[in-house]
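> Give the three-dimensional model of this entry:
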Amino acid sequence: EETHFNFQYIIDYFASSEEKEAAKAPWAIDFETVQLLGGKVTYWDQNDTTVYEGMQYSHLELSDLNLNIGNIAIGEEVSMDIRHLSAADHSGLELDTLSGFLSIAPSGIFLDDAVIVTPKSTIHAHLGFETEQFSDYSHFNDAVAFNTTFQSSTFSLDDLGYFVPQFKTFDAIVNIKDGTLSGPLVALDGEGFDLIIDRSTAFKGGFYIEGLPNIDSTYFDLKIDKLTTSAYALEKLPLEAFTGSALDLPSEVDRLGMIRLEGDVIGYMHDLEAGIDVITQRGNIDADIHVIKDARDELNYVGDVFTQAFDIGGVLDDPSMGTVTAGMNIVGKGTDPNRIKAKLDGKIDQFEYNSYNYENIVLNSNITANKFSGILESTDKNIDFDFKGTVDFSKEQPVMDCVSEIRRVDLVALNFWDQDSVMEVSGVLDID
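Now for the predicted structure:
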């Protein structure tokens with residue numbers, strides 16, 4: 001049997017009978033002002049025995065209810081000017097004040113020029129919850145569509161946790177300059193958002209999220225016009241609400257400094273595809289990449305990565321290295337340099353090493369835990385050679401097992417020999 005929302009009963013009770021409707025104009029009741037002090041209101045659908053975290057829409061208990069409303073009209077719909085509303089729900093949510101122009105009808109509940117203040121949040125918005133009938137509120141997640149626009153608002157994720165329980169343990173503050181939400185919670189669309197999280201991560205763009213509140217199966221489509229952050233700020237983001245574990249980034253990410261991202265990210269928390277430009281204090285990266293988290297929580301990735309004068313030495317904290325400009329196809333697993341397994345194919349346009357700028361290097365390689373194996377072809381003017389083999393960088397001095405045809409190597413120009421000498425090498429090198 002379908003549950004009926006109580007407010008529909010009130011509307012139906014006062015409505016004219018079908019026989020009288022043709023003879024009489026629609027009824028209307030008007031009040032100038034209604035005030036309530038220290039009240040208590042309970043709505044409890046006892047047919048719903050589900051236990052929820054946070055707000056339970058089928059069981060609301062409002063206490064310390066203070067209300068001042070005016071210009072009240074009750075007819076086929078209800079409208080009123082809410083001058084002040086404050087209350088506390090048994091879930092723990094506290095409302096210090098709410099004001100705005102409210103209209104209630106089967107088509108939805110709308111609060112224009114809304115101001116909502118809690119102990120941790122201040123929201124300025126147009127709030128709309130679109131429905132087909134009042135009973136839709138008993139199926140809020142999929143039957144009620146948001147039509148909400150924010151302006152200059154500040155809210156705590158702890159407050160949001162009353163409605164999306166995954167956020168309840170986080171106390172981050174979000175400042176929203178602009179943004180519009182539309183659609184039901186299970187298929188939520190966000191456009192034109194301009195916000196700052198905890199004064200350290202700024203986002204401009206939009207999103208589409210399908211599947212809330214079940215995070216594990218939720219699909220994301222994130223449009224990033226501009227995202228500015230850092231490793232420290234990213235680790236503070238409440239991603240644990242989605243992933244189940246806190247974000248722990250390697251020190252190499254911290255050395256990037258401030259990070260700016262632009263592009264698109266789509267998929268699930270465990271299976272994401274990204275086409276993004278990354279601008280950092282160490283240089284720029286363009287990436288089209290697919291990342292999957294496996295059953296062991298390790299990252300598997302495949303895609304194309306392009307760098308432009310990227311300071312790889314600074315990121316790896318290796319003073320012997322400098323910048324690199326390259327285009328690579330990468331298939332790999334893991335992010336820890338001591339455990340990484342990756343296949344790299346592509347071209348290095350320039351790479352600074354040992355104070356020399358290498359140019360025009362093509363490679364097909366495998367990298368595992370500080371070990372390189374594969375093929376290198378260089379047509380640099382001071383190092384013209386082909387290489388096939390392995391190099392182990394885990395020792396103090398690299399250990400090689402390779403065959404190399406050396407057409408020309410100028411060890412002086414490469415800074416491996418005394419600058420006052422002449423040292424060029426050619427021939428076939430076979431090291432085992």
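> From here on, just use CA atoms for contacts and neighbour counts.
Fine.
> Identify the bridge partners of Thr228.
Here Thr228 sits in beta bridges with Ala202, Arg260, going by DSSP bridges.
> what sits against it?
201-203, 258-261 (C-alpha atoms under 8 Å, 6 or more residues apart in numbering).
> can you redo those as TSV with pLDDT and neighbour count?
Formatted as TSV, the contacts of Thr228 follow (pLDDT from 0 to 100; neighbours: other C-alpha atoms under 10 Å):
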residue	pLDDT	neighbour count
Thr201	92	21
Ala202	95	18
Phe203	96	20
Met258	93	18
Ile259	94	20
Arg260	95	20
Leu261	95	20
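> Quickly name whichever of those residues is closest to Ile431.
The shortest approach to Ile431 among these belongs to Ile259, at 42.5 Å (C-alpha to C-alpha).
> doesn't Thr280 make contact with that closest one?
Yes - under the criterion of C-alpha atoms under 8 Å, Ile259 makes contact with Thr280 at 4.7 Å.
> coming back round to it: which members of the contacts of Thr228 define the maximum pairwise distance?
The two members of those with the most space between them (C-alpha to C-alpha) are Phe203 and Met258, at 13.7 Å.
> Assign a three-state SS to Asn141, would you?
Put simply, Asn141 is helix when judged by DSSP: H, G, I helix; E, B strand; the rest coil.
> close enough to count as contact, it and Leu185?
Yes - counting by C-alpha under 8 Å, Leu185 is a contact partner of Asn141 at 5.0 Å.
> secondary structure element for Val331?
Assessed by DSSP states H and E, Val331 sits inside strand 321-333.
> partners of that strand, with directions?
strand 299-311 (antiparallel), strand 341-353 (antiparallel).
> Let me see the ranges of the helices in this structure.
Secondary structure of the chain (DSSP state H): helices located at 6-14, 18-21, 140-143, 157-160, 231-236, 240-243, 251-254, 312-316.
> So for the fifth one, mean pLDDT?
Okay, so that is helix 231-236. Helix 231-236 carries an average pLDDT of 85.
> do the fourth one as well
For helix 157-160, the mean pLDDT works out to 86.
> can you tell me which of the helices of the chain the model trusts least?
Among the helices of the chain, helix 18-21 scores lowest, with a mean of 50.
> sorry, back to before: could you give the separation of the strand holding Val331 from the chain centroid?
Relative to its parent chain, strand 321-333 has a centroid offset of 25 Å by C-alpha atoms, centre = their mean, to the nearest Å.
> Buried ones in that strand, by neighbour count?
Burial within strand 321-333, assessed by neighbour count using 16 or more other C-alpha atoms under 10 Å, is assigned to 321-333.
> Export the strands paired with strand 321-333 as CSV, with columns for mean pLDDT, mean neighbour count and distance to Phe101.
Below are the strands paired with strand 321-333 laid out as CSV (pLDDT from 0 to 100; neighbours: other C-alpha atoms under 10 Å; distance: least, C-alpha to C-alpha, whole Å):
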stretch, mean pLDDT, mean neighbour count, distance to Phe101
strand 299-311, 94, 19, 50
strand 341-353, 94, 20, 59
